[in-house]
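Peer 1: Pasting a predicted model and its sequence here:
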Amino acid sequence: MNELTLGSWYSGGIDGFAYAAQQVGIKTLYHIESDRRAYKYLRKNYGADKIIGHDGYESVKNLPWSHIIAGGDPCQPSSNAGLKRGKDDPRYRWPFMFAGIRKFNPDWVINENVIGTVSNTILDQKISDLESIGYSCQAFNFPAIACNADHERKRIFLLANSHEFGSKFSHHDNENLYKKEGFEHPVTLDTQGNSFLRYEERAGEPAVFPVSHGVPDQFFRLGASGNSIVPHIPIIFLELIKDLYNN
């Protein structure tokens, strides 16, 4: 088949989804990001020639179709560190992403957000929305520790596929895929394992930069790293998707 393609929504500063796609040979067709400070990094890292803000549906209606739409909508409405306003928060942007999914109808959707979306029912809303237009969904509680990162960073990843790939996905050997990538299985993660102990030993260090003290003077880079995902996690999903297309 032709080269697999991805559309990146809410790209952030370093765009972890685009980076993961780059690592597995999937082409990112566009980046949606409102923070213009990120644009030069997106262009530098991905040669991006199509970057748009997410300030309204009109700005995205003419985007190219992609096999995959991936993105983590802003987490502030659901973050435990925020005001927890949920759907009443003006930064609640899932309806905008869902409108794009409904219009373009990609084969796959990968969505990421904080674990607070479970308790405030936003995850339920996402699954209900996607199922209403014919997608099958699977949610994963996948912390960064599960891929041997040195911080916990609990995140919910929602993987949705069109019915064309539904039976393939349900019968796929997911366990062997995780082992092939060298990561712990997110469902059976042993929190007393080596990854967790290594995290505990380094708990006094900043979660993003592995240094003992000090803050880099490039604050946007710090924010860009914090406002993104651990790329190793979507690599698992993207490798799975490639595997299904190749079989």
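Peer 2: Yes, it's here. It should be emphasised that the depicted structure is a prediction, and the values quoted were computed from it without experimental measurement.

Peer 1: lowest average confidence, helix or strand, in this structure?
Peer 2: helix 194-201 (a mean of 40; mean pLDDT, DSSP states H and E).

Peer 1: What is the neighbour count of Cys75?
Peer 2: By the measure other CB atoms under 10 Å, the count of residues near Cys75 is 20. Where C-beta positions appear, they are placed from N, C-alpha and C, glycine not excepted.

Peer 1: For it, give its distance to Val118.
Peer 2: Cys75 is 13 Å from Val118, where distance means CB to CB, to the nearest Å.

Peer 1: again, but for Leu238
Peer 2: Counting by CB to CB, the gap from Leu238 to Val118 is 24 Å.

Peer 1: Next: Ala48.
Peer 2: From Ala48 to Val118 the distance is 33 Å (CB to CB).

Peer 1: And those two? Which one has more around it.
Peer 2: Ala48 (21 against 16).

Peer 1: Give me the three-state assignment for that one.
Peer 2: Secondary structure for Ala48, judged by DSSP: H, G, I helix; E, B strand; the rest coil, is coil.

Peer 1: Quick one: residues contacting it.
Peer 2: 28, 30-31, 39, 42 (CB atoms under 8 Å, 6 or more residues apart in numbering).

Peer 1: now Trp94
Peer 2: 73, 122, 125-126, 129.

Peer 1: quick one: average pLDDT of the lengthiest helix in the chain?
Peer 2: Longest helix of the chain, by residue count under DSSP state H: helix 232-245. Averaging the model's pLDDT scores along helix 232-245 yields 90.
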